[in-house]
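Trainee: No sequence on hand, only this structure:
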Ligand SMILES: Cc1cc2nc3c(=O)[nH]c(=O)nc-3n(C[C@H](O)[C@H](O)[C@H](O)COP(=O)(O)OP(=O)(O)OC[C@H]3O[C@@H](n4cnc5c(N)ncnc54)[C@H](O)[C@@H]3O)c2cc1C
Ligand SMILES: Cc1cc2nc3c(=O)[nH]c(=O)nc-3n(C[C@H](O)[C@H](O)[C@H](O)COP(=O)(O)OP(=O)(O)OC[C@H]3O[C@@H](n4cnc5c(N)ncnc54)[C@H](O)[C@@H]3O)c2cc1C
Ligand code: SF4
Ligand code: SF4
Ligand code: FES
């Protein structure tokens, strides 16, 4: 171990802050909010790690990144080795370092979290991954001799991408099919540029292309081609369904069809995928200039939407959430950033009607106050309406971000693919095998909306099981 | 890239394209559409697959230049290509042997109705087509419709061609004349579809319309194409685009479709302005070369 400091000395170092764009500045641009650590800060932060044998941080990471070991390599100054160490378990570190809910995972379990502030594992992960990216040293992993086996991967989000990367290394022929015109799933159409620069996703995709993965955009499986056709006519030996949870849930309250009411998916897709904020793109079909924007929900999607609305000119931007701040599922850092940028947080507030201005446009949202009752199935306290508490929040644009369901296009045309009550595909926990021979499924289409790291983990798990299946033919 | 093999104007601002897309050509059914992007930075727009030739591996699109994207597309010629093309999307039309089927196309709606009319004919229906247009030049696909219909009526609002009047006048005349109509398909401007629905409703004639809300992805992901049908939200790109005309809330559809009118106009004006400048520059350059 390379840390020269005593445990006591380590604990005296405060958690290093992430340099970031000023709130007043960044709330008007799409540049990344977090600027990244430099060498000196990164090393200082790494020195705080106690190198504990219990490795709670490791246990907190859904894919088991060897946190202690990579941090030790940062202390040594061997950033490329640190990056390689992370890549043993996590193929998208520049992405997860930015978007993992670290406070609930690695950092949440760090022993230092109990006494003060945890080691900034996410910042360090991002630092080494960016170092590796910008120093171009990664070197693509060797590819095994061709096996003559073909795998179709449906969906190009983190689950599909990580499965593709692993399978191509094993020598299989891998084709990723994506419904949209760009590769990356939620990473490109959902999560905004100011949180996850698209260049990072593109670079990962380019690396995979160099390794031999074939990407086909504009293919909607279930419409353009079916799973059965892929297997029976096009010669694929296995299929991995990674279509995500992309079907927006609406509130089913009056006024939802008014002009100015959007799903977060539509709003974010227009801005992120179609670049509505850029003059040289045709999508600027709406803007938020001078508008009062409200976003319903408390997750990452809601925060991304509300902060995006500020960046395209909203006069005011507010979150309406029916529980209290403590229950918000969004990453802690995003909530903090949003507040700094001037987002108003209306907690314990539940919309009951979108109000018509008389011409078919949104004029305001009628809401009711909520109070928290007994815990519900999710373990969170159930919000209950307070009688006689209705009030109106003025708004000319409302964005609904209360969750998604699974996209049914693949299931609808693959009758022997078992699904559960909510329409998600049923897959074995360990092997991700579905009810249909040769077909595997993972990521949000199995779990419902979850996280990037879990989707990535599922992709890798599927890759192992698919490889085994292709080698042995055992089902 | 998807190659354009043929491009020809059918009417002012209405152009027919054949595009190489063998997979789509092979599986598309009447009533389905594609979403395309003309070029990098462009919008995604839905267009009905008017016809296809699986042997040749091409699909036919008929495009009316109403805004920036469609005008840009209409500048393309055979040999050019478009950037993105995805499909076939949407549910195919319900084609059954209804008996006597009336197919009504208003303006460009005729192009959208054509593939379904053809399929209805192939399914053994007696097909009566009513094609309408504001004036003579907006009546499109008359020959094509004649080839697949048992009877064809043409109406123009201003009487500049064929019968003067609206498509609904002709429909009313048929009903009042005692014809037994088993099925009506109406595709065109929203007021026209709404009017047809009101004509057939009292007679209980099964009537279907094809809705054209604004779309983004076409896969059910954005919800932007939601329409109110029978009081319920439906996504036109996956649940439609055809719906029971008597259940559709047309008022909501027309306000929602007008949502971006100002922005669309600004975008079109800027585009035309740019085109205009380019023309002048080209003229100036020609003149310059001349001396
Ligand atoms: C706005 C937003 C912000 C988020 N922020 C965070 C965050 O900060 N941290 C975090 O960990 N997680 C976050 N998440 C969640 C995370 O992005 C998802 O859990 C993750 O992307 C799921 O990955 P996936 O590969 O399963 O699916 P997706 O990323 O959803 O990718 C699925 C892909 O499949 C394609 N597809 C769907 N159907 C078909 C079909 N029939 N044929 C072909 N292609 C198809 C889709 O177009 C899409 O590209 C966020 C989600 C959203 C929406
Ligand atoms: C399922 C479906 C099938 C379609 N099939 C065809 C077709 O075969 N041929 C064809 O020419 N058009 C078709 N359309 C309409 C076509 O998609 C629009 O005309 C196009 O999106 C307009 O784009 P733009 O940038 O040129 O114009 P914009 O600048 O976006 O709009 C210009 C004008 O067109 C109106 N408009 C915008 N979007 C639509 C829309 N979706 N439907 C109707 N009006 C709209 C606007 O209100 C505005 O007045 C179809 C639409 C749908 C939903
Ligand atoms: S992948 Fe996510 S949870 Fe795991 S160590 Fe990295 S930041 Fe932490
Ligand atoms: S728990 Fe915290 S202090 Fe201990 S090894 Fe992990 S990161 Fe370091
Ligand atoms: S176009 Fe996005 S859901 Fe229909």
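Mentor: Here it is on my side, so go on. Since this is a predicted model, take the numbers as computed values, not measurements. Ligands and ions are numbered 1, 2, ... in the order given.

Trainee: show me what contacts residue 115?
Mentor: You didn't say which chain, so I picked chain A. Going by CB atoms under 8 Å, 6 or more residues apart in numbering or on different chains, residue A:115 touches residue A:11. Every C-beta, even on glycine, is put in place using the N, C-alpha and C of the backbone.

Trainee: hm, I was asking about chain B
Mentor: B:30-31, B:48-51, B:93.

Trainee: and which of those is nearest to residue B:253?
Mentor: Nearest to residue B:253 among those is residue B:48, at 17.0 Å by CB to CB.

Trainee: quick one: the closest one and residue B:33 touch, right?
Mentor: Yes: counting by CB atoms under 8 Å, residue B:48 touches residue B:33, with 4.7 Å between them.

Trainee: between those two, who's got more neighbours?
Mentor: Using other CB atoms under 10 Å in any protein chain shown as the criterion, residue B:48 and residue B:33 rank with residue B:48 on top: 30 against 27.

Trainee: ok, now which ones touch the more buried one?
Mentor: Going by CB under 8 Å, 6+ apart, residue B:48 touches B:31-33, B:61-62, B:111-112, B:115, B:210.

Trainee: next one: residue A:371
Mentor: Applying CB under 8 Å, 6+ apart to residue A:371 gives the contacts A:348, A:383-384, A:386.

Trainee: where in the chain is pLDDT low?
Mentor: Chain wasn't specified; assuming chain A. A:1, A:137-139, A:276-286 (pLDDT under 70).

Trainee: Oops, wrong one, chain B.
Mentor: Counting by pLDDT under 70, chain B shows low-confidence ranges at B:260-291.

Trainee: Could you list the domains of it?
Mentor: B:2-89, B:100-257 (automatic domain parsing).

Trainee: Relative to ligand 2, which of these is closest?
Mentor: domain B:2-89 (1.9 Å; CB to the nearest ligand atom).

Trainee: need the helices for the stretch 251-400 of chain A, in chain order.
Mentor: Listed in chain order, the helices of the stretch 251-400 of chain A (DSSP state H, counting those that start in this stretch) span residues A:264-268, A:300-311, A:332-340.

Trainee: closest one to ligand 3 among the domains of chain B?
Mentor: Once these are compared by CB to the nearest ligand atom, domain B:100-257 is nearest, at 26.0 Å.

Trainee: now for the closest one, what's the gap between its first and last residues?
Mentor: 32 Å (CA to CA, to the nearest Å).

Trainee: ditto for stretch B:82-94
Mentor: Termini of stretch B:82-94 sit 30 Å apart (CA to CA).

Trainee: buried stuff in that stretch?
Mentor: The neighbour-count check on stretch B:82-94 (16 or more other CB atoms under 10 Å in any protein chain shown) flags B:82, B:84-94 as buried.

Trainee: Share the number of residues neighbouring the residue lying closest to residue A:140 once chain neighbours are set aside, please.
Mentor: Closest residue to residue A:140 apart from its sequence neighbours, by CB to CB, 6 or more residues apart in numbering or on different chains: residue A:211 at 5.4 Å. Residues lying near residue A:211 (other CB under 10 Å) number 16.

Trainee: ok, now which ones touch residue A:211?
Mentor: A:140-141, A:143, A:165, A:168-169.

Trainee: residue of the stretch 351-475 of chain A with the smallest distance to ligand 3?
Mentor: residue A:453 (4.8 Å).

Trainee: my guess is that residue contacts residue A:63, does it?
Mentor: Yes: with contact defined as CB under 8 Å, residue A:453 reaches residue A:63; the gap is 6.0 Å.

Trainee: Look at these two and report which has more neighbours.
Mentor: Between residue A:453 and residue A:63, counting by other CB under 10 Å, residue A:453 is the more crowded of the two (23 against 20).

Trainee: Enumerate every residue touching that one.
Mentor: By CB under 8 Å, 6+ apart, the contact list for residue A:453 reads A:61-63, A:90, A:96, A:100, A:105, A:158.

Trainee: Fine, thanks again, bye for now.
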